[in-house]
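Undergrad: Following is a predicted model, sequence given first.
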Amino acid sequence: MIFPDDDLSPHRPVMLDEVMDFIKPGKGDIIVDATIGAGGHSCEILKRIQPDGLLIGIDKDAEILKIAGKFLSKISDNYKLYQADFVNLGCILEKLKISKVNGILLDLGVSSLQLDSLDRGFSFSKEGPLDMRMDRTQGITAEDLLKRLSEREMADVFWKYGEERKSRRVARVIMQERKRGVSIKTTTQLAKIAEKALYVPGKYSKKRKIHPATRVFQALRIVVNDELKSLEQFLNDACGFMTGGSRIVVLSFHSLEDRLVKRAFREGKNRSLLEILTKKPLIPLDSEIIENVRSRSAKLRAAERI
Ligand SMILES: C[S@@+](CC[C@H](N)C(=O)[O-])C[C@H]1O[C@@H](n2cnc3c(N)ncnc32)[C@H](O)[C@@H]1O
């Protein structure tokens, strides 16, 4: 992974002002950034909880944690970083002998640094190995997954986790390639296959606003990293770690994530554990989308522990 220059901001944090307005980190607070990435949001949190607060940063990706540490250490040493899936927050807090925290942030998906790293295989626009694992020490790569799935299983994955309407067609073309003895090893190879499968002359360019490979890549990434299971479990447990009046803020980037967040917050409300602060999800201002196109699909939901 390429380390950004010392003086450059690590990652342009999505909806930074809105996130801070909801989490309201204050002096002495203990805040969990469960998807710390390169520390974009966390740098701001760390500044606000000085001089005696604690930032707990979690990420599955060991490489990106190093980057976060580099930036955070310039602000203060009131932070602890853990390479883990965020579902392990309970164990982390136990180790730290902390029972409740004052705020939790989840900024889901992958960071721009991961997307821009050719060797990680997250981006269909850059040539790289079809890996897609956030934690490169565990699990199977997208390349292996594609080799193992039957045509029907592939179609199910693209449909269920990518909401790709033409999932069967993509699966069929992949299977045809496999039968011809082609091994699909790179991002651009798969992107071309998706293009070939989904291309409809004339109509295609007008109807599809996104690249044909977008949903296929999303689906594979979700399965490779078991993303929805982790999110569902985390949201289920989160209230147990939050002190009264503390807030949880979630930035999601596709409807499958947003649906889980909406449902978990509603359940929290029904059980009188949470007050929902965003009736409808907040979206970025047009000015932010112009500056940072990757923010365009962001949805922010926030809730307060009763
Ligand atoms: C969008 S980035 C976060 C960017 C960060 N907020 C910033 O401003 O720099 C999401 C990060 O969450 C991590 N991640 C995603 N799912 C995770 C999980 N289940 N457990 C731990 N980390 C996860 C990814 O590796 C990635 O670094």
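TA: Received it, and whenever you're ready, just let me know what you need.

Undergrad: Which per-residue confidence value corresponds to residue 37?
TA: For residue 37, the model assigns a pLDDT of 97.

Undergrad: typo on my end, it should be residue 3
TA: On the pLDDT scale, residue 3 gets 47.

Undergrad: same thing with residue 203?
TA: Model confidence at residue 203 (pLDDT) stands at 50.

Undergrad: So, low pLDDT: which residues of the stretch 51-200 of the chain?
TA: Within the stretch 51-200 of the chain, the stretches with pLDDT under 70 are 200.

Undergrad: at 90 what do you get?
TA: 125-126, 196, 198-200 (pLDDT under 90).

Undergrad: Please, where are all the strands along it?
TA: 54-59, 79-83, 101-107 (DSSP state E, counting those that start in this stretch).

Undergrad: can the ones you listed go into CSV with extra columns for mean neighbour count and distance to the ligand?
TA: C-betas here are computed from N, CA, C, even on glycine. Shown next, in CSV, are the strands of the stretch 51-200 of the chain (neighbours: other Cβ atoms under 10 Å; distance: least, Cβ to the nearest ligand atom, whole Å):
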stretch, mean neighbour count, distance to the ligand
strand 54-59, 24, 4
strand 79-83, 19, 9
strand 101-107, 24, 4
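
Undergrad: Quick check on the spatially most central residue of the chain: phi, psi?
TA: Here the mean C-alpha position of the chain is nearest to the C-alpha of residue 109 (Cα atoms, centre = their mean), at a distance of 1.5 Å. Per-residue torsions, residue 109: phi 90, psi -150 (degrees, to the nearest 10).

Undergrad: That one contacts residue 253, doesn't it?
TA: Yes - under the criterion of Cβ atoms under 8 Å, residue 109 makes contact with residue 253 at 4.7 Å.

Undergrad: got a list of what the residue nearest to the centre of the chain touches?
TA: 252-253, 257 (Cβ atoms under 8 Å, 6 or more residues apart in numbering).

Undergrad: Sort out for me which of those residues are in strands.
TA: Secondary structure defined by DSSP state E assigns residue 252 of these to strands.

Undergrad: Columns distance to residue 263, neighbour count and pLDDT on top of the contacts of residue 109, output as a markdown table?
TA: What follows is the contacts of residue 109, written out as a markdown table (distance: Cβ to Cβ, whole Å; neighbours: other Cβ atoms under 10 Å; pLDDT from 0 to 100):
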| residue | distance to residue 263 | neighbour count | pLDDT |
| --- | --- | --- | --- |
| 252 | 12 | 23 | 98 |
| 253 | 17 | 19 | 97 |
| 257 | 11 | 21 | 98 |
